[in-house]
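**Student:** Pasting the sequence and the predicted coordinates here, then a few questions.
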Amino acid sequence: MRSLILGTSLLALGLSSTLAADKTVYLAAYGGSTETLFKEVIIPKWEAKTGAKVVYVSGNSTDTLAKLRAQKGAQEIDIAFIDDGPMTQAIQFGFCDTVKEETYADLYDNARMKDNKAVGIGIVATGLAYNARMFKEKGWEAPTSWNDLADPKFKGKIAIPPITNGYGLHALIVSAQLNGGGEDNIEPGFKAFEDKIDRNVLVYEPSSGKMSELFQNGEIAMSVWGSGRLKSLADQGFPGEFAYPKEGAVNLLIAACPVVGSDVPELAQDFLKFMTTPEMQSYFAIQKGWGPVNRNVTLTSEQIGALPVGPDRVDKLINIDYTLVNPARGEWTKQWTRRIER
């Protein structure tokens, strides 16, 4: 079946005793700049190390999960690279094999997913991104709390993604938690949006490109966004900064799992371990803005910037229980459309 996807494999470049040169690993992961980084840096280095070949199957987390479901019982994918929410579903559906314990040796505890069925490759913090220049011009203090989303002075100056986007979903859950609810009682979150936050929101924007434009055009002062997204915008010269709310930023774990039924399980495990090495983690941090999951990564203060790096930030991140969220998300989306984005 795989011959339809790949006609030939590369010759071995440095075969180890346990990894065969004529083997091919199928990696399903994000497109865009992530695909570029993998194809230009990560994959060539691993292929040189093992002599094996990697075929990159591009798609977002939803796409990859759909492929796993469609190929159930005859998987072509060996490694699935998925955000933590959909990854929880992949684990529940039985698509993910157990990651070898040795892979976790130098990693933060929150790099483990349920039953070690997936490993974190990078950490993104969901918090408050803001236009530091606008804040200075207005004489505003930097945001310090999720409750700042309800501050009347930001009326019409905030953008939040809808809850079909992970950042928007996090905002809703945290709003519920701060008002006596949580993943198992989301109503306080909806009430907080209806009564306090919505009046300040200019637009519920799902597109990262459009969110960047809103900042650059001076239309918004603040958004609920990811640390990596803000870093990318700031790297272009925008005077943006990222605030970790005192209640905690939310952990968005970029994860990968070895797929059950892979015909190259040892290679899949080796590639997972390779992605968590300090060298590869540095590439993810510097080029993608993902906080390292490996404790031994060394970055300069300029490279760290707003990234979730070090125990002071990483250990304080809020972890979402997706075993409660995923079954309810469809109903939440209906409520969101009816009550918030009406």
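**Tutor:** Okay, I see it. Note that this is a predicted model, so its numbers are computed, not measured.
**Student:** Show me the residue at the heart of this protein, geometrically.
**Tutor:** residue 254 (4.0 Å; Cα atoms, centre = their mean).
**Student:** For that one, what is the enclosing helix or strand?
**Tutor:** For residue 254, the element it lies in under DSSP states H and E is strand 250-258.
**Student:** List the backbone torsions phi and psi for the residue nearest to residue 112 when sequence neighbours are not counted.
**Tutor:** The spatial neighbour of residue 112 that comes closest, neighbours along the chain excluded (Cβ to Cβ, 6 or more residues apart in numbering), is residue 104 at 6.1 Å. Just so you know, the C-beta spots here come from the backbone N, C-alpha and C atoms, and that holds for glycine as well. Main-chain dihedrals, residue 104, degrees, to the nearest 10: phi -90, psi 0.
**Student:** Also the one 3 residues further on?
**Tutor:** Dihedral angles phi and psi of residue 107 (degrees, to the nearest 10) take the values phi -100, psi 160.
**Student:** what sits against it?
**Tutor:** Residue 107 sits next to 119, 120, 276, 293, 294, 295 when contact means Cβ atoms under 8 Å, 6 or more residues apart in numbering.
**Student:** now the closest residue to residue 218 other than its chain neighbours: how far from residue 142?
**Tutor:** By the measure of Cβ to Cβ, 6+ apart, the closest residue to residue 218 outside its immediate chain neighbours is residue 134, 6.8 Å from it. Residue 134 sits at a distance of 11 Å from residue 142 (criterion: Cβ to Cβ, to the nearest Å).
**Student:** Please say which of the two ends up with more neighbours.
**Tutor:** Using other Cβ atoms under 10 Å as the criterion, residue 134 and residue 142 rank with residue 134 on top: 17 against 14.
**Student:** how close does that one sit to residue 208?
**Tutor:** Here residue 134 is placed at a distance of 20 Å from residue 208 (Cβ to Cβ).
**Student:** go on, residue 129?
**Tutor:** Taken as Cβ to Cβ, the spacing of residue 129 relative to residue 208 amounts to 11 Å.
**Student:** What of residue 143?
**Tutor:** Per Cβ to Cβ, residue 143 is found 20 Å from residue 208.
**Student:** More neighbours: which of these two?
**Tutor:** Using other Cβ under 10 Å as the criterion, residue 143 and residue 208 rank with residue 143 on top: 24 against 17.
**Student:** pLDDT at the more buried one, what is it?
**Tutor:** Predicted confidence (pLDDT) for residue 143: 98.
**Student:** Now do the strands in the stretch 101-250 of the chain.
**Tutor:** Using DSSP state E, counting those that start in this stretch, the strands of the stretch 101-250 of the chain run over residues 119-131, 158-159, 201-203, 222-226, 240-243, 250-258.
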